[in-house]
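Student: everything below, folded, please.
(chains A and B)
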Amino acid sequence: MLILDCPCCGVRGEETEFHSGGEAHLKRFGPGSSDDDFHGYLFEKVNPKGVHFERWRHVNGCGKWFHAARCTMTLEVFGTYSAQTLEPPQEIKDKITAKRPGWSWREFS
Amino acid sequence: MSNAAVSALNGATVQGFARVEEMGLQGMITLRGDLASAKVKNAVKEATGQDVPALRSLNTGDKGAVAWMSPDELLIMVDYAGVTDTLALIEAALSGEHFLAVNVSDARAMFRVSGSAAGVRETLAKLCPVDMTPGAFEPGMFRRTRMAQIPAAIWMPDAETVQIVCFRSVAEYTFNLLRDAVAEGGEVGLFS
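Tutor: Okay, the predicted model is just below:
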């Protein structure tokens, strides 16, 4: 079971109070993009063993979206951060580096 | 057919090791907007006599109560009969501001669980993934959470009472959950 801290309302809650929103930091390709880009946006998701970034929503609480960095193998949550960002904040990256030296995820490391 | 408003369960009660009651018609207004703005603070003050509550807390007074729902949402609780007037007051106070104020009184149900301090805490601890230990959850706090399979919000008016707000459509489900949770013989004794 994941224990998540909602960065919007400060609640430390367990997984069932939240809802997963899939992979984080997707670059969206919409009308006008190439078929390959659109296909990639829709279907090419990573499924790593280890460090992963996801979007979550505090569905049974404040209702807000946020980001979470966690380990898919140990279910350890490295941290949660605002949804209003295009990449993980340095603070979160540092926390992951301290625990998983040499990690990388898509273009982040 | 009568037009008289009736609450979801018309004041149903059940007595176990704690008492559960549906609280009848309660006036509730959802207010969304920038909670830091002076106009919103002023409108809340006019409507309830209270300040905008801090994160996950609730301010209560004679005129009404106001609870923190999310970073941009408050729940204003007043007399059922006074909702229309309060709503007009808020709308006047916030004219020109980007906001939303809606009367949700008939879309919500409110319950009260009362009894011993340990009993009411245990009742909620059975149903919600919330730390109900004294000290972790105290009067003045307001917590939106999950109650079995439905969203609910809980707070403690005093040490021996918990109040719950949920959607009206799931009022019966909520009542049945609480009825089972307070059933005699079902005491766990977690907090006693």
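Student: care to break chain B down by domain?
Tutor: Domains of chain B are assigned by automatic domain parsing as B:13-24+B:107-181, B:27-105.
Student: can you report how many residues neighbour the nearest residue to residue B:22 once chain neighbours are set aside?
Tutor: Nearest non-adjacent residue to residue B:22, counting by C-beta to C-beta, 6 or more residues apart in numbering or on different chains: residue B:9, 4.1 Å away. In this view, the C-beta of every residue, glycine as well, is placed from N, C-alpha and C. Using other C-beta atoms under 10 Å in any protein chain shown, the number of residues around residue B:9 comes to 18.
Student: got it, and residue B:187?
Tutor: Neighbour number of residue B:187 under other C-beta under 10 Å is 17.
Student: that one and residue B:152, how far apart?
Tutor: 22 Å (C-beta to C-beta, to the nearest Å).
Student: residue boundaries of the strands in the chain?
Tutor: Assuming you mean chain A. Using DSSP state E, the strands of chain A run over A:3-5, A:12-14, A:19-23, A:51-57, A:65-71, A:77-82.
Student: was after chain B, sorry
Tutor: In chain B, the strands defined using DSSP E lie at B:13-15, B:18-22, B:27-32, B:58-60, B:65-70, B:73-78, B:100-103, B:108-115, B:142-147, B:150-158, B:161-167.
Student: need these in a markdown table with mean pLDDT and mean neighbour count, can you?
Tutor: Shown next, in a markdown table, are the strands of chain B (pLDDT from 0 to 100; neighbours: other C-beta atoms under 10 Å in any protein chain shown):
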| stretch | mean pLDDT | mean neighbour count |
| --- | --- | --- |
| strand B:13-15 | 97 | 14 |
| strand B:18-22 | 97 | 22 |
| strand B:27-32 | 97 | 21 |
| strand B:58-60 | 96 | 21 |
| strand B:65-70 | 97 | 23 |
| strand B:73-78 | 97 | 22 |
| strand B:100-103 | 97 | 15 |
| strand B:108-115 | 97 | 22 |
| strand B:142-147 | 96 | 23 |
| strand B:150-158 | 96 | 19 |
| strand B:161-167 | 97 | 22 |
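Student: what parts of chain B come near chain A?
Tutor: B:55, B:56, B:69, B:70, B:71, B:73, B:129, B:143, B:144, B:145, B:146, B:151 (C-beta under 8 Å from any C-beta of the partner chain).
Student: so what pLDDT did the residue lying farthest from the centre of chain A get?
Tutor: Distance from the centre of chain A peaks at residue A:32, with 27.0 Å (C-alpha atoms, centre = their mean). pLDDT recorded at residue A:32 is 93.
Student: returning to what we had before: redo the strands of chain A as CSV? Include distance to residue B:20.
Tutor: Shown next, in CSV, are the strands of chain A (distance: least, C-beta to C-beta, whole Å):
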stretch, distance to residue B:20
strand A:3-5, 30
strand A:12-14, 25
strand A:19-23, 29
strand A:51-57, 30
strand A:65-71, 34
strand A:77-82, 35
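Student: the ones you listed: which one's closest to residue B:26?
Tutor: strand A:12-14 (26.2 Å; C-beta to C-beta).
Student: partners of the closest one in the sheet?
Tutor: If you go by DSSP bridges, strand A:12-14 pairs up with strand A:3-5 (antiparallel).
Student: list the buried residues for the strand it pairs with?
Tutor: By neighbour count on 16 or more other C-beta atoms under 10 Å in any protein chain shown, the buried set for strand A:3-5 is residue A:4.
Student: up against chain B, what does chain A have?
Tutor: With C-beta under 8 Å from any C-beta as the criterion, chain A meets chain B at residues A:8-11, A:13-14, A:16-17, A:59-64.
Student: ok, of those, which come out buried?
Tutor: For the residues of chain A next to chain B, buried by 16+ other C-beta under 10 Å: A:8, A:9, A:11, A:13, A:17, A:59, A:60, A:61, A:62, A:63, A:64.
Student: dump those residues into JSON lines; add pLDDT and distance to residue B:94 as well.
Tutor: Shown next, in JSON lines, are these (pLDDT from 0 to 100; distance: C-beta to C-beta, whole Å):
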{"residue": "A:8", "pLDDT": "95", "distance to residue B:94": "23"}
{"residue": "A:9", "pLDDT": "95", "distance to residue B:94": "23"}
{"residue": "A:11", "pLDDT": "95", "distance to residue B:94": "28"}
{"residue": "A:13", "pLDDT": "93", "distance to residue B:94": "32"}
{"residue": "A:17", "pLDDT": "95", "distance to residue B:94": "31"}
{"residue": "A:59", "pLDDT": "96", "distance to residue B:94": "28"}
{"residue": "A:60", "pLDDT": "95", "distance to residue B:94": "28"}
{"residue": "A:61", "pLDDT": "94", "distance to residue B:94": "26"}
{"residue": "A:62", "pLDDT": "95", "distance to residue B:94": "22"}
{"residue": "A:63", "pLDDT": "95", "distance to residue B:94": "21"}
{"residue": "A:64", "pLDDT": "96", "distance to residue B:94": "22"}
